[in-house]
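Visitor: I'll drop the sequence and a predicted model, then ask my questions.
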Amino acid sequence: MNICENKALFLDRDGVINVDTIDVCRIKNFKFIDEIFEVCCTAQQRDYKIIVVTNQSGVSRGVYTEADVTNLHKYMIQQFAERGIQITDVYVCTSHDDSYEDRKPNPGMLLKAQAKHRINMASSLLIGDKERDILAGINAECGKTILFTSSPCVSTKADVVVRSLLEVLTYL
C-alpha cells in the first residue's frame, strides 16, 4: 500500500467557499459561493478528499475568537453534509505572523493534512483566491494550483486562473 494513496482538493475558505468580506466570523455573514457545492460534489465523486486550509488571523488580532471560528466551521461542514458532501478536514491558522509555519504562504497546514490523510500531493489541487494561497500550494508541491479571481488582469504563479469555480471541473 502506497503511503500517499489519496488525492486532495485543498480549498481556501474566504473567497473560495464563501464570499470574502472582511473578517467573516458569524453565520449570518457567511454566504456560500454557489458553485462550490458542484465542484466539491464532483471532486468527491472522483475520490478527492476535500480539505479546507484557511488563515484566520482575526483570532490573534482580537477581532473574533477561536470558538467563533469553530462554530462557523461546524455550520459550514453541516451545509456541505446536507448536500451529500463530506469535508474531510479543516485546518486553521489563527496567527497573523507570516513566519509561522502554518500561515499561508507557508505550507504547514497542507503538509499536516498530507501526513494525516496520506495525501499524494502531486495528484492534488489547491484552489485559492489570493497569491498567498497559491504559494502555499506551490510550497507544498501540489500538482496544480488554481487561482479563482474576478480580476481580468492578474499576475500569479498559479498553474491556472479561473473566473468561475465551474471551470475547475476541467481539472478534477
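Guide: Looks like it arrived, so ask away.
Visitor: Now do the contacts for the residue lying closest to Cys93 once chain neighbours are set aside.
Guide: Excluding its sequence neighbours, the residue lying closest to Cys93 (Cβ to Cβ, 6 or more residues apart in numbering) is Asp102, at 4.0 Å. To be clear about C-beta, it is placed using only N, CA and C from the backbone, and glycine gets the same treatment. Listed by Cβ atoms under 8 Å, 6 or more residues apart in numbering, the contact set of Asp102 reads 91, 93, 95, 108-109, 112.
Visitor: Break down the protein into its helices, ranges please.
Guide: 35-45, 66-81, 108-117, 131-139 (DSSP state H).
Visitor: The closest residue to Leu125 other than its chain neighbours: how many residues sit nearby?
Guide: Using Cβ to Cβ, 6+ apart and skipping the chain neighbours, the partner closest in space to Leu125 is Lys144 (4.7 Å). Neighbourhood size, Lys144 [other Cβ atoms under 10 Å]: 17.
Visitor: Isn't Lys144 up against Val168?
Guide: No. The criterion here is Cβ atoms under 8 Å, and Lys144 misses it with Val168 at 9.7 Å.
Visitor: Report the set of residues contacting both of those two.
Guide: Listed contacts common to Lys144 and Val168 are Leu125; contacts here mean Cβ under 8 Å, 6+ apart.
Visitor: Any chance you could list what contacts the lengthiest strand in the chain?
Guide: Assignment by DSSP state E gives strand 48-55 as the longest strand of the chain. Here strand 48-55 makes contact (Cβ under 8 Å, 6+ apart) with 6-14, 17, 40, 43-44, 73, 76, 80, 85-93, 103-104, 109-110, 113, 117, 119, 124-126, 132-133, 136, 172.
Visitor: for stretch 144-153, same thing?
Guide: 15-16, 124-129, 131, 133-134, 137-138, 154, 156-163, 165, 168, 171.
Visitor: Of those residues, just the buried ones, PyMOL syntax please.
Guide: Selection of buried members from the contacts of stretch 144-153 for PyMOL, criterion 16 or more other Cβ atoms under 10 Å:
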select buried, resi 15+16+124+125+126+127+128+129+131+133+134+137+138+156+158+159+160+162+165+168
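Visitor: Below-threshold pLDDT in this protein: ranges please.
Guide: 1-4 (pLDDT under 70).
Visitor: Could you rerun that using 90?
Guide: Within the chain, the segments meeting pLDDT under 90 span 1-5, 21-26, 34, 57-60, 62-63, 150-154.
Visitor: So Asn6 sits against Lys116, correct?
Guide: No. Using Cβ under 8 Å, Asn6 makes no contact with Lys116, being 10.4 Å away.
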